[in-house]
Every structure is written in structure tokens, then in C-alpha cells.
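Participant: got a sequence here, can you build the structure:
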Amino acid sequence: MAAQPQEAEARIESEVRRIRGLIDRHAHAEALSLASALLEQAPQNRDVLYVVAVSQRQLGRIGAALATLERLQAAHADFARLYQERGHCYRASGDAGAAVAAYQRAVTLNPVLHASWRALAELHGAAGRTQEAAAAARQVTVLARLPAPVLAASGMLAEGDLYGAERILRPFLAAHPRDIEAMRLLGQIGLQLEVLDDAEFLLESVLAFAPDYHIARYDYAQVLTKRHKHAAALEQARRLLAIDPSSRAFRTLYATACVGLGQHEEALRTYRDLVAQTPEHAELHLSIAHALKTVGRQSQAIEAYRAAARARPSFGDAYWSLANLKTYRFTDEEIEHMRAQEAAPATAIIDRYHLCFALGKALEDRGEFAESFRHYQRGNALKKGDSHYDPGALERGLMRQREVCTREFFAARQGYGCARADPIFIVGLPRAGSTLIEHILASHSQVEGTMELADIPRMVQLLQGREHTDLKPRYPAVLAELSRAEALRLGEKYLSDTQVYRTGKPFFIDKMPNNFRHLGLIHLILPNARVIDARREPMACCVSNFKQLFASGQEFTYSLDDIGGYYRAYLELMAHWECVLPGKILRVQHEELVDDVEGNIARMLAFLGLPFEPGCLEFYKTERSVRTASSEQVRQPIFRDGIDQWRNFEPWLAELRSALER
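Facilitator: Numbering: from 1, shown residues only. As a prediction, the model looks like this:
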């Protein structure tokens, strides 16, 4: 019987440890023999390739070691130690310039590699570059002062072992609660694991102890960006740029914050300055393209996406972004290239599933539905393996909403919250037509279109608190504990925090779809806010979600069974809200809107208390930023073509039908 995957991995790890022991004892020939045999069983394993290369170099086989490192780079391009080992090889062969470049790359990826910093100090010193040599020597000194657990955890974090680093850092920090580097590293782990409230708290604590610790400030700004606190992130970016205006990292951070605040022209200026210096930087081309797409400059966006793909041929996100324009059609050559890159063993998982979704769309557009569905299915399976969606937790959370937020609950809290009626919440499922509704309403002179604002989900996190579990959550039960004054404060806070996205119009739209889960909170703190439920026929909506690769969130969309269950849960909760908040929610059915545009626009404006304006009928002429997947579709008149597109995949949707009918 073949070994189970976990058993095989454990055996390989054990063998690698044994080989490293042989290398430490200078038994390089024996180490190479064992490592070469292991490589036949695990040809893409990072650690096996690495010990092969180390053994080859130690035996003087520099050419063979460099060839092995090429294989290692193809499979694990961000592994810092491969560049350190390459530096050792070049140094052994007398190529000091190539060695310096390799060591520099190594410490960029992993700043705690002692051997690379020592080598850089020596090589720069030998070449008379005294300033660079002194800087490298200072870094050696800094590393020597770090406690051994912090140094070890830092190296593990740089090489992707987040949980291993966390296991070292937590007990160390418990014993040394003011160690700022341990706090910063734990904050970084929180950032990478999306535990953002912990990360923000830890990094705020670091800056309270050490306000001049610029690396921690940079990490803190990244957390703020992830939490959609763009104004605060921009402030941190400006503080960092005041210290080092030439830093590429700080300038990129600044541009990202500008995008978050809708300052796209300033972001584009910064991105273009950066890409002019490093035209091979694929991610910068992608950032430029996203900004151009958002402001409606599609032809320029397409060229920037293509530039990103040229800079890195396996860059799945560049191809998916072209597909995600919904109006782009791939050439035969592009499709063959995507097929080849998706099938290549060295292609990273994240690129692979982006390419799968792009191929799904490309083949769907050509009417090759069976192969298209296979690619969508493969992309979803790969993405689901990378997610942590728990449908049981969702169902329990929505059940608690129904238990807490009853008619009696709201009747007892008449007069709570902020009375202003500025916000218009558009809720529902993604791909249900909310962007179209938003764009129509934002074409009205009194309505501001913003984006999917994260303020309500962030408020939920705040109410949930730091110490909670799924089985003992504080939210939504904590809503019953809010006083009149606290509900007023939260309503005013929401309006204050979202002011940065407004330009003076009396009303604004928040189209975060998942806010349908939190209409009880919204009504409690903003009782006069309007709510529009964007709804779409179940099969059409669910299939559209299955075909969509989201930038973040929406983890329920990567399985037909999960999507069907989520749609059912959404219907049940919306029925509850309509019962306990009668007259507060307007349902807009996408298919009805498409069939009677003018009638449904008049109906929406009447619900919002706004006069009819002809500009809403010509919404596709409105120039504004649109960030969602429907950005190009809403810049065209409405057509019925997409209503029944899901039927092209009907032969493969039995699982979805079953999930919807349960």
C-alpha cells in the first residue's frame, strides 16, 4: 500500500534532517548520495533540492550546484536560502559581482541571514565600497544582539513557516512582554494569516514603545490597508516618506493607500514613476492596470495587463484580470500560452488557479462549455484548498441574528441611533446586480457612489471583541447591551469614518454585499438608512459566483454545494429582516430590472425619496470609479444576453440544484 501524503511528507522531512546532520559533520559525499536518491521521489521538494545543491558545492561541483539551484528557483522562487547558496557558489568560483547580487537578493527575502550579511560586508570591503560594507557589518551586529528565539522565528517567518514561528514567539513574548521585535513578528504573522485585529493591536503596541521603528510602522500601514483604513494608512505612508522619500516600498504603500481613497491619478503617477525604474516588475504593471480599469480607461488597462504578463509569463493574475474585464477576448496564442503555463510543474498554485479561471472564461466565450467548466471546476478546487470556509459557522451566526433581532427587540429600541438618512446600503450576494444598481443610482445628482465599504464588518469585529470563539460569540447578542448613547455614537462614527469617500452629495452608497448579515446592527445605529436588496435568479447568481475568482473574501463561492447553501441561508435571513423591519428594505430583482429599466429606476428613486432624473437612464455614460468585476459591463447599456448564460453549464449543475433545493 502506498504511503499516505502526510506520512510521505514526514518521512521526507526526517530524511532531510538526517542529510543536514551529515552536512554538519562534513560527510558531503554521503549526504549527496542520500539527497540525490530522495530527489527522485520528491523532484519539486524545496528542502531536498536545497541540500543537494549544498552538498554539490561542498564537494566542489559548482556547475552542478548552480544547475540544481536553477531547478530550485523554478519551483520556489521566493526561497531566500537558494540565493544565499548561489552567492556561496559564485564566491567559490571567483565571481564576486554575481555573488553580491545573489546575497543581496537573499537578504531582501530574508533579512536575518547572517552568512549573507557577513559575505556582503567582506565582498563590499574588498571592493572598496566602504559605505555598503559598513551597512552590512551593522546588520551583522544587529542580528547578533537579537535573542536566539526571535532570530529563529524571523528566519522561519521569512521562509513561510508561519505556525512554526508563532510557536516560538508566543512563549517568548509571554516571558518578555516588551520585546518589540517579537511583537512585530507576531504582528506580521497576524497580517499574513488575516488575523488583522491582533496584528493591528500588536503593531500599535510596538510603535507606542518605539515610535521610530520604521519597519514596524510600514507593517502597521499594511495592516491598516488590509483593514480598509485607507486614510490612516495614507498618513502612515506620508510619515515614512518624510524619512526616506526614495524608498520603493514606502512609495508603493503610498500609491496603494491613494487607490483605497479613490485618488487614482495620484496613484497612477506614483506607480508609473516606480515602473519606469523597474519595468520588469510585473506587480507594478498589474497595479497600474487595476487603477486604469477602475477609472474606465479600458484600452490602457489592457495594455498594462499585457505588460504584466510579458514581465512574468506565468503571472496568472494578469490573465485572470484580462478575463475579469468580461469584455476581453483572448487570442488563440494567449489561450495556448495559458494552457502551457497552467500545466507547467513549476507554476505556483496561486498562478495555477488564476490561469484556470481565465481559461474558463476564455473557453466559455468560444462556446467550448465542457472544457470551460472543467477549468472553472479545477480552479475552484485549487482555491477551496487554500480557504477556510465553514458553512456551519455561517449558519449558526445567521440563526443568532434571527434569535436576537426580533420585532420586539426593535420596538423596545425606538429612537436609538443616528437619525441622519445619508447612507444607502445595497446588499445581497456578489454577482447579483448590485454594481448595476449602484451605477444607476450614482448617476443621480444627489447620490455619491463609493465602493464596497468595510466599515460595518469592521464595527462587527469591534463588537465581537478579541476574546471570543465560534461557540461563544459576543455578536450579535452584544447588540442587546448597547445603550441609546452607544447606538448613537456608533451611527455617528460610521458617518464620520465614511466621510473620506464623499464629495458633498447628500446621499451615498455602501454596496458591501455581505452587509445583509448585519441589517439588525445597521437599523439599530442608522434607523433611517435605506436598504436595497439586489437579488438574482438562484441558478444564475450561483453559477456566476462559481465562475468568479474574488480578490479576497467570499470564501463560500469555491464549491457548488457551498454556494447553494449560502444562497439558501441568505434567502432565510432576508425573509426575517423583511418581517421584523417592514417597509425598510426594497427588493430589486435583476431580471425584472433588465426587462423594465425605467420602471424599476422610478421605483428605486421613489423608495429613496429622490426625484426622477433622466441621467439615471443613461447610467452607462456616467464617469466614475467602479472597482468590482462588473466595472466594464455597467459602462454599457443593459442587454438581456447574460440572463440565461448559466444554462450553457446546465449538464454539470446537479450538485448545485440539490444544494438549493435542500
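
Participant: number of residues surrounding R587?
Facilitator: 13 (other CB atoms under 10 Å). C-beta coordinates here come from the backbone N, C-alpha and C atoms, glycine included.

Participant: flag the shaky bits of this structure, pLDDT-wise.
Facilitator: Within the chain, the stretches with pLDDT under 70 are 1-7, 466-471, 623-641.

Participant: N514 versus the residue sitting nearest the centre point of the chain, what's the distance?
Facilitator: In the chain, the residue lying closest to the centroid (CA atoms, centre = their mean) is S552, at 4.3 Å. S552 is 12 Å from N514, where distance means CB to CB, to the nearest Å.

Participant: what about the closest residue to T278 other than its chain neighbours, which helix or strand?
Facilitator: What sits nearest to T278 in space, not counting adjacent residues and going by CB to CB, 6 or more residues apart in numbering, is L284, at 6.9 Å. Take DSSP states H and E as the rule and L284 turns out to sit in helix 282-294.

Participant: same question, E448
Facilitator: Using DSSP H and E, E448 falls in strand 447-451.

Participant: related to what we said a few turns ago, any idea whether the residue nearest to the centre of the chain is helix, strand or coil?
Facilitator: coil (DSSP: H, G, I helix; E, B strand; the rest coil).

Participant: need phi/psi at it.
Facilitator: Dihedral pair for S552: phi -160, psi 160, per degrees, to the nearest 10.

Participant: the residue nearest to T278 - how many residues pack around it?
Facilitator: If you count neighbours by other CB under 10 Å, L284 ends up with 26.

Participant: what about P423, how many neighbours?
Facilitator: Quick note: P423 (other CB under 10 Å) scores 24 neighbours.

Participant: my bad, Y620
Facilitator: Y620 has 15 nearby residues by other CB under 10 Å.

Participant: my read is it is in a helix, agree?
Facilitator: Yes - assessed with three-state DSSP, Y620 lies in a helix.

Participant: roughly how far apart are it and I440?
Facilitator: To I440, Y620 is 9 Å away according to CB to CB.

Participant: again, but for F209
Facilitator: Using CB to CB, F209 is found at 50 Å from I440.

Participant: now do S658
Facilitator: Remark: distance between S658 and I440 (CB to CB) = 35 Å.

Participant: more neighbours, those two?
Facilitator: I440 (27 against 12).

Participant: wait, V206 sits on L185?
Facilitator: No - using CB atoms under 8 Å, V206 makes no contact with L185, being 9.9 Å away.

Participant: circling back: helices or strands up against the very next helix or strand once past the helix holding L284?
Facilitator: Next helix or strand after helix 282-294 toward the C-terminus (DSSP H and E): helix 298-311. Helix 298-311 sits against helix 282-294, helix 316-323, with contacts defined as 3 or more CB pairs under 8 Å, 6 or more residues apart in numbering; DSSP states H and E.

Participant: separation between E9 and L49?
Facilitator: As for E9, its distance to L49 is 15 Å (criterion: CB to CB).

Participant: the two: which has the busier surroundings?
Facilitator: Comparing E9 with L49 by other CB under 10 Å, the one with more neighbours is L49, at 26 against 13.

Participant: sec struct for the more buried one, please.
Facilitator: Strictly by three-state DSSP, L49 counts as helix.

Participant: now do it against Y254, distance only.
Facilitator: 38 Å.

Participant: pull the residues that contact stretch 479-486.
Facilitator: If you take CB atoms under 8 Å, 6 or more residues apart in numbering as the criterion, stretch 479-486 is touched by 404-405, 409, 413, 415-416, 463, 490, 520-521, 524.

Participant: can you rerun that using 6 Å?
Facilitator: In this structure, residues lying in contact with stretch 479-486 by CB atoms under 6 Å, 6 or more residues apart in numbering are Y416.
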